[in-house]
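Visitor: when you get a sec, could you give me coordinates for this:
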Amino acid sequence: MHTNLLPADAARWRTRRNPKRVTVIGAGVAGLVAAYELERLGHSVEVLESRLWVGGRVRTHGFAGRARGPLAELGAMRIPASHHRTMQWIDRLGLSDRVRQFRTLFSDDGNFLETPAGHRRVRDASPVLVEEFRRRLPADRSYRDESVLCAAWLTASVNAVAPGAFQQNLHADLNLELLDLLDGIDVRPFLVDGAAERVDLNRFLANNAGFAARSRLQHFFDDITTETSSELSRLEGGMDQIARRLADRLRGPVHHGRKVVGLHVRDDGVVVETRRGLATAASHCDYVLCTVPFSVLRGIRLTGFDDAKLAAVHDMQYWPATKIAVHCREAFWERDGISGGGSYTGGLVGQTYYPPVESDPLLGAALLASYRIGPEPDALVKVPREKRTRVVLDELSVIHPQLTEPGMVLDVVTQAWGEDAASLGGASVRWSKDIVTAEEERALAAQPQGTLFFAGEHCSSYPAWIEGAIESGLAAAQEIHACAPVAQPVRSHGYRRIPGGAA
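Guide: I've put the predicted structure just below:
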């Protein structure tokens, strides 16, 4: 990666004399952070966004009016404590006073989880989980009871977080690997006495975040421990405040409704084809930063790319993600002994989260009824739209019969990221890859083509997280800043209409 070796003041003076004209494709977090940083360094930036809002896959939905009603996160919803860049930008954007704890899966004793014996409350699930776990162990192996208890709960977390198809591809001795990873760790400080002894998994993972460092599935276990950690945060008022505040601070324009349909790398820059309505236009740009997910990029016209880059674009793996949020008359789960956290009900529903009521209670409460990522969301998406809500509510009403009460459900909103034309997936994934292979994939994804640069969670060390978008956006901004000027004179940003209209 290029590094600016000049003193900061000298670099800014030089930039003011020769500012670069940069076109950023995508107003998600990666694109907005890069645009903000490039402007700070003295460059001229414009942003092209196909959607009518900023934030990309960071999307907050407001029921009963955004200003007063309950909110539901349809995209990114949590920030791990270890994601320092994200927390620094939250502070930089004046949002630190809105940081709140995100209560995750199984963090409430009243949360439910699917077991072989049916749904159980977290406080009552240990006997069933341990019995099922022991049943799968070889008869000639002996392990400490507390290790088996901890491994059984870790397996429950794997079942809740990892898609079923991915679980099936895990090696058959996953249970033994979990026990081997726990060997030598004293889990007794994390045992909790209740209706039955169990492990405080959130506290265990917070204190043993690197327990899986020896595993060849380290990326997978790292995400499991992160998603089920107690060290997670959210933003009161919505995660999309990050993107909206970034956009508000840009000097250059953010053009909405501009869908990029072609990228053509030339010796003197990049030709960007865009479509707005039925009209297609082309523009010669000196520097372009593309933050479009590769799942979308591989569907547009690309020329001037080398073979390795094209292979990276076409081979990048994405999983669809689907969220269904329900506007409820009241937070009925609180009367049922659930103060927050998340349940895992299996089936088509997957995970269910209980956000705190931070708006006027008279306007109801938001329930994230269903969250799934992986091949399984396709099964839910295949259900006709008019039946999808009913299927999820019927399935979830097994543990929450209040959903069937007349007037309890006021509204429902669905976000299927695999169906969204601007994303075609929830996030890129590298769970099945070892560390070396994953880094090679990341580096190739971020590799520029001439003066066409790339950023996004798929180009980062933190795929699927806001942290990755910020990391890659900052890196790309520095690369563009340090890049030698293009050979040809600077051209204006003006668009040239292509004869024949829409392509």
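Visitor: and the helices in the stretch 251-400 of the chain, which stretches?
Guide: 294-297, 307-315, 332-335, 376-381, 385-396 (DSSP state H, counting those that start in this stretch).
Visitor: so which of those helices gets nearest Leu154?
Guide: With Cβ to Cβ as the criterion, Leu154 lies closest to helix 376-381 of the helices of the stretch 251-400 of the chain, at 20.7 Å. C-beta coordinates here come from the backbone N, C-alpha and C atoms, glycine included.
Visitor: what's the local residue count around the closest residue to Asn175 other than its chain neighbours?
Guide: In space, Asn175 comes closest to Arg136 once its chain neighbours are excluded; the distance is 5.4 Å by Cβ to Cβ, 6 or more residues apart in numbering. By the criterion of other Cβ atoms under 10 Å, Arg136 has 13 neighbours.
Visitor: repeat for the one 4 residues further on
Guide: Neighbouring residues of Asp140 were enumerated by other Cβ under 10 Å; the total is 5.
Visitor: let's verify it: helix, strand, or coil?
Guide: Look at Asp140: counting by DSSP: H, G, I helix; E, B strand; the rest coil, its state is coil.
Visitor: tell me the contacts of the residue nearest in space to the middle of the chain?
Guide: For the chain, Ala464 is the residue whose C-alpha lies nearest the centre (Cα atoms, centre = their mean; 3.8 Å). With contact set as Cβ atoms under 8 Å, 6 or more residues apart in numbering, Ala464 has these partners: Asp223, Gly426, Ala427, Ser428, Val429, Glu457.
Visitor: equivalent analysis for Leu263, please.
Guide: By Cβ under 8 Å, 6+ apart, Leu263 lies in contact with Val270, Val271, Val272, Glu273, Val288, Cys290, Leu297, Ile300, Arg301, Leu302, Thr303, Leu452.
Visitor: now those: which count as buried?
Guide: In terms of neighbour count (16 or more other Cβ atoms under 10 Å), the buried residues within these are Val270, Val271, Val272, Glu273, Val288, Cys290, Leu297, Leu302, Leu452.
Visitor: now Leu348. Nearest residue, chain neighbours left out?
Guide: Leu380 (5.0 Å).
Visitor: and that neighbour, how far from Pro401?
Guide: According to Cβ to Cβ, to the nearest Å, Leu380 and Pro401 sit 21 Å apart.
Visitor: before we move on, what about Arg141?
Guide: In terms of Cβ to Cβ, Arg141 sits 42 Å off from Pro401.
Visitor: likewise for Ala475?
Guide: If you go by Cβ to Cβ, the gap between Ala475 and Pro401 works out to 50 Å.
Visitor: which phi and psi values does the residue of the chain positioned farthest from its centre adopt?
Guide: Residue farthest from the centre of the chain, counting by Cα atoms, centre = their mean, is Asp140 at 42.1 Å. The phi/psi pair for Asp140 (degrees, to the nearest 10) reads phi -90, psi 10.
Visitor: so what pLDDT did it get?
Guide: At Asp140, the predicted lDDT confidence score is 82.
Visitor: contacting residues for the spatially closest residue to Leu48 that is not a sequence neighbour?
Guide: Closest residue to Leu48 apart from its sequence neighbours, by Cβ to Cβ, 6+ apart: Arg258 at 4.3 Å. Counting by Cβ under 8 Å, 6+ apart, Arg258 touches Leu48, Glu49, Ser50, Thr274, Arg275, Arg276.
Visitor: at 7 Å what do you get?
Guide: Leu48, Glu49, Ser50, Thr274, Arg276 (Cβ atoms under 7 Å, 6 or more residues apart in numbering).
Visitor: state the mean pLDDT of stretch 418-431.
Guide: In this model, stretch 418-431 has a mean pLDDT of 93.
Visitor: and the contacts of it?
Guide: By Cβ under 7 Å, 6+ apart, stretch 418-431 touches 50-51, 57, 166, 219-220, 223, 293, 295-296, 316-321, 373, 377-378, 381, 417, 438, 441, 457-458, 463-464.
Visitor: would you mark the buried spots in that stretch?
Guide: Neighbour-count burial for stretch 418-431, counted by 16+ other Cβ under 10 Å, picks out 418-420, 422-431.
Visitor: now for the residues you listed: which two are most distant?
Guide: Ala422 and Trp431 (24.0 Å).
Visitor: Thr23 against Glu49, yeah?
Guide: No - contact criterion Cβ atoms under 7 Å: Thr23 and Glu49 do not qualify, at 11.6 Å.
Visitor: looking at Ala475 and Pro401, which is more packed in?
Guide: When neighbours are counted by other Cβ under 10 Å, Ala475 comes out ahead of the other of Ala475 and Pro401, with 22 against 12.
Visitor: per-residue pLDDT, that one?
Guide: 99.
Visitor: so which residues of the stretch 1-150 of the chain form helices?
Guide: 8-17, 29-40, 84-92, 126-135, 145-161.
Visitor: from these, which stretch is densest packed?
Guide: Burial of the helices of the stretch 1-150 of the chain is given as mean neighbour count (mean count of other Cβ atoms under 10 Å); helix 29-40 ranks first at a mean of 26.
Visitor: is Gly418 in a helix, a strand, or coil?
Guide: coil.
Visitor: please report phi then psi for it.
Guide: Per degrees, to the nearest 10, the backbone of Gly418 is at phi -70, psi -20.
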